[in-house]
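K.L.:
this one's sequence-less:
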Ligand SMILES: *[C@@H]1O[C@H](CO)[C@@H](O)[C@H](O)[C@H]1NC(C)=O
């Protein structure tokens, strides 16, 4: 009896000091395997950076965000009914969902879990745009991150070494390139389709620039990269409905361009990894799986991969005045070009903890590197 009486407080004190210890180590960002997630790209991962720009490529109206925790106002402008694959990454890494950097006041916000710089309709090239719709191209996104480092992050670390350590453990996701074909190469060609040589040269030009932007991020301290290839845009309802049934269920002309770029991306990633000392690259193979969503929807629990879940306007956006489909988890596409949260979650799961979609390692493995 006596033993029990004394052991209780001892256990309690031990527990208490353990909690204190862990609280102490939690204030040090180095305790998390991945302290932050920084997102660059286009509408697949945009969290609302276009809201204040002059553009029709915004998703800050209903029914976008309908299934996002906290609804549309919390979703901010994601082109889906809920979370995107990068949001799932953040959640599973124990991080806040990276907010759109344009929608936060850096004087009052207090997060070092990362920001999102992605912009719907943007490309790697500055002149990839649809008519006069504004966007933030990749080069500008990277220079905005440079600003974040100088004006925001620097103040939050004791010294340069701590900041470098934090940046080197953070993951930098880049998901861009599709709009360069749609809103640049193809638009400039008008009715003509580009030749294989033109596609090849254009892909090389894009990848050279992408390499320069990755170098800038590296010089700023980034070491862990996840580079997404271009998804199967030719399988999206936008093109499928326009061109009707095609072999394999997708628009092969569009996908041919994407495949050319994606094939050239593989050796580039190897080159970047060997050029940038201490860097690690994960290649996210979005194309095959997005294509498979459309061809074998039931394999993933979907019943409709041909139609947008929401009702479309003439510009292929969701109509704000009409409700979306009832069972969003059964659709691959939410609008004419963007995946539902359910499809994003499948992608995220496969990249985060499985093999095949993210190579040569999944995100969990990259986190431990
Ligand atoms: C970051 O911005 C500064 C100017 O504020 C510039 O001198 C520097 O070259 C930039 N760094 C990179 C890696 O682009």
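P.N.:
Arrived safely. Just so we're clear, the structure is a prediction, and the values are computed from it rather than from any experiment.
K.L.:
rest of the way, CA atoms for contacts and neighbours
P.N.:
Will do.
K.L.:
Can you name the helix or strand that the residue positioned nearest the centre of the chain falls in?
P.N.:
Geometric centre of the chain, nearest residue: residue 45, 3.8 Å, by Cα atoms, centre = their mean. Residue 45 belongs to no helix or strand when assigned by DSSP states H and E.
K.L.:
from now on call the first residue 32
P.N.:
Got it, the first residue is 32 from now on, which makes the last one we talked about residue 76.
K.L.:
How many neighbouring residues does residue 321 have?
P.N.:
Per other Cα atoms under 10 Å, the neighbour tally for residue 321 reads 24.
K.L.:
Which residue comes closest to the residue of the stretch 82-231 of the chain found nearest the ligand once chain neighbours are left out?
P.N.:
Across the stretch 82-231 of the chain, the shortest distance to the ligand (Cα to the nearest ligand atom) belongs to residue 177, at 5.0 Å. In space, residue 177 comes closest to residue 251 once its chain neighbours are excluded; the distance is 7.0 Å by Cα to Cα, 6 or more residues apart in numbering.
K.L.:
how about residue 228, what does it touch?
P.N.:
For residue 228, no contacting residues are found, by Cα atoms under 8 Å, 6 or more residues apart in numbering.
K.L.:
A helix includes it, no?
P.N.:
Yes - residue state for residue 228 (DSSP: H, G, I helix; E, B strand; the rest coil) corresponds to a helix.
K.L.:
Next one: it relative to residue 376, how far apart?
P.N.:
Distance of residue 228 to residue 376, computed by Cα to Cα, to the nearest Å: 36 Å.
K.L.:
Enumerate the residues of the chain near the ligand.
P.N.:
177, 247, 250-251 (Cα under 6 Å from any ligand atom).
K.L.:
hmm, which of these are the buried ones?
P.N.:
177, 247, 251 (16 or more other Cα atoms under 10 Å).
K.L.:
per-residue pLDDT, the last one?
P.N.:
The predicted structure scores residue 251 at 98 on the pLDDT scale.
K.L.:
follow-up on the earlier one: so the residue nearest to the centre of the chain is in contact with residue 206, correct?
P.N.:
Yes - assessed by Cα atoms under 8 Å, residue 76 is found in contact with residue 206 at 7.3 Å.
K.L.:
Please identify the helix or strand for residue 258.
P.N.:
Applying DSSP H and E, one finds residue 258 within strand 255-259.
K.L.:
What helices and strands are in contact with that strand?
P.N.:
strand 202-206, strand 311-315 (3 or more Cα pairs under 8 Å, 6 or more residues apart in numbering; DSSP states H and E).
K.L.:
quick one, the last one and strand 255-259 angle?
P.N.:
Between the axis of strand 311-315 and that of strand 255-259 there is an angle of 20 degrees, by axes from the mean of the first three to the mean of the last three Cα atoms, to 10 degrees.
K.L.:
And for the first one?
P.N.:
Angle of strand 202-206 versus strand 255-259, following the same axes, to 10 degrees, is 20 degrees.
K.L.:
what bits of this protein have low per-residue confidence?
P.N.:
The chain contains residues with pLDDT under 70 at 32-62, 271-280.
K.L.:
could you pull out the helices for it?
P.N.:
33-57, 102-106, 116-123, 169-178, 191-200, 209-211, 217-220, 227-251, 268-274, 283-306, 317-326, 372-384, 394-399 (DSSP state H).
K.L.:
ranking those by burial, who's on top?
P.N.:
Comparing the helices of the chain by mean neighbour count (mean count of other Cα atoms under 10 Å), helix 209-211 ranks first with a mean of 24.
K.L.:
What lies in contact with that one?
P.N.:
In this structure, residues lying in contact with helix 209-211 by Cα under 8 Å, 6+ apart are 73, 152-156, 159-160, 261-262, 264, 289.
K.L.:
In contact with whichever residue of the chain sits closest to the ligand, which residues?
P.N.:
Scanning the chain for the residue nearest the ligand gives residue 247, at 4.2 Å (criterion: Cα to the nearest ligand atom). For residue 247, the contacting residues are residue 173, by Cα under 8 Å, 6+ apart.
K.L.:
and the gap between it and residue 172?
P.N.:
Plainly put, residue 247 is 11 Å away from residue 172 if you go by Cα to Cα.
K.L.:
Can you give me the domain assignment for the chain?
P.N.:
Following automatic domain parsing, one finds the domains of the chain at 32-62, 65-399.
K.L.:
what about the last one, start to end distance?
P.N.:
The first residue of domain 65-399 is 8 Å away from its last residue (Cα to Cα).
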